[in-house]
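Engineer: After the sequence you'll find the predicted model.
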Amino acid sequence: MISANLYTYLIVAAVLLVIGLYGMIQHRSLIGMLISSEFILNGAALNFMAFNRFVAPNPAVGQIYALFIMGIAAAEAAIAVSIIIAVYRKFQSEDPEEVQDMKN
Amino acid sequence: MIVYQYIAEALFYAFVALTFMGGFMAIRSKLLMHAVLGLAVSLFGVAGLYFYLGSPFLTMMQILIYVGAVCIIIVLGVMLGNTPDQLAIKNLTRGNLPLALVACTTGFVALFIATVTRTEFVKSSEHIGDMSIQFVGENLLFQYCLAFELISVILLTAIIGAIILARDGREEKTS
């Protein structure tokens, strides 16, 4: 029963983290980096849920933390998208290589 | 093992495959819109994994919040942000491919060694409650009330901040 094993979920979460890391390095646009950060957050939430299911004494704590991470991710996505739109209006570009100074 | 358990295992493999394929689609696609689609597929797979971890409530929340809300926000960002054409077509850079591969391989191997071979996870001896929504709600509103209030304040701040950031300067756009 591979679906009832803690290590399976830990490895899946590690792969999600690595996917996010790779995308964060490889993407050339700010939106691509935002997408990659969602993978990293999901890996963290999956870890919380796995430990909640197999190790923790109170099974509500992990679910509450996973819900907390979802709320943080939603707020972060909204803020990041609005910042990207504002940055695009200022710089006419979404390339992080060109968006370097914080003036004007 | 009866036949239902085989079906459940097969579905588990399917969800894991969905997660990984969505992830690879998100990081390897040339178009940003395909990357968002890959993100949605991958988050759907993670929702299935939540179901196997015994929490149908989080499965629904994952589909509702992540697949429903966050992906739609990112799609809006892709369409409103007006990415320049050569960047949208060729989204990925090749310059630091060795760096990315080395970082990811090292990170994964280190995590794998640290978790699978070096750590012994001890199951807690006493258990309280169950995985039901009722128990989660009682914990959320009594013992972990701070997390509940904090996420409310953060979401309110994010809404106001997003409106303020994205509102002004619309008329001074030139091109």
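Structural biologist: Looks like it arrived, so ask away. Source: prediction; values computed, not measured.

Engineer: Contacts only, for B:Ile27.
Structural biologist: By Cβ atoms under 8 Å, 6 or more residues apart in numbering or on different chains, the contact set of B:Ile27 is A:Ile19, A:Tyr22, A:Gly23, A:Gln26, A:His27, A:Ser36, B:Ala35, B:Gly38, B:Leu92. Just so you know, the C-beta spots here come from the backbone N, C-alpha and C atoms, and that holds for glycine as well.

Engineer: make it 10 Å
Structural biologist: Applying Cβ atoms under 10 Å, 6 or more residues apart in numbering or on different chains to B:Ile27 gives the contacts A:18-27, A:32, A:35-36, A:39, B:35, B:38-39, B:91-92, B:100, B:104.

Engineer: Show the contacting residues for B:Phe135.
Structural biologist: Contacts of B:Phe135 by Cβ under 10 Å, 6+ apart are A:Asn58, A:Pro59, A:Ala60, A:Gln63, B:Ile128, B:Gly129.

Engineer: Which ones among the contacts of B:Ile27 map onto helices?
Structural biologist: In helices, defined here by DSSP state H, the members of these are A:18-26, A:32, A:35-36, A:39, B:35, B:38-39, B:100, B:104.

Engineer: could you pull out the helices for chain A?
Structural biologist: Along chain A, the segments classed as helices by DSSP H run A:6-26, A:30-54, A:59-91.

Engineer: Tabulate the ones you listed (TSV), appending distance to chain B, mean neighbour count and mean pLDDT.
Structural biologist: Output for the helices of chain A, formatted as TSV (distance: least, Cβ to the nearest Cβ, whole Å; neighbours: other Cβ atoms under 10 Å in any protein chain shown; pLDDT from 0 to 100):
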stretch	distance to chain B	mean neighbour count	mean pLDDT
helix A:6-26	4	22	91
helix A:30-54	5	23	91
helix A:59-91	3	21	88
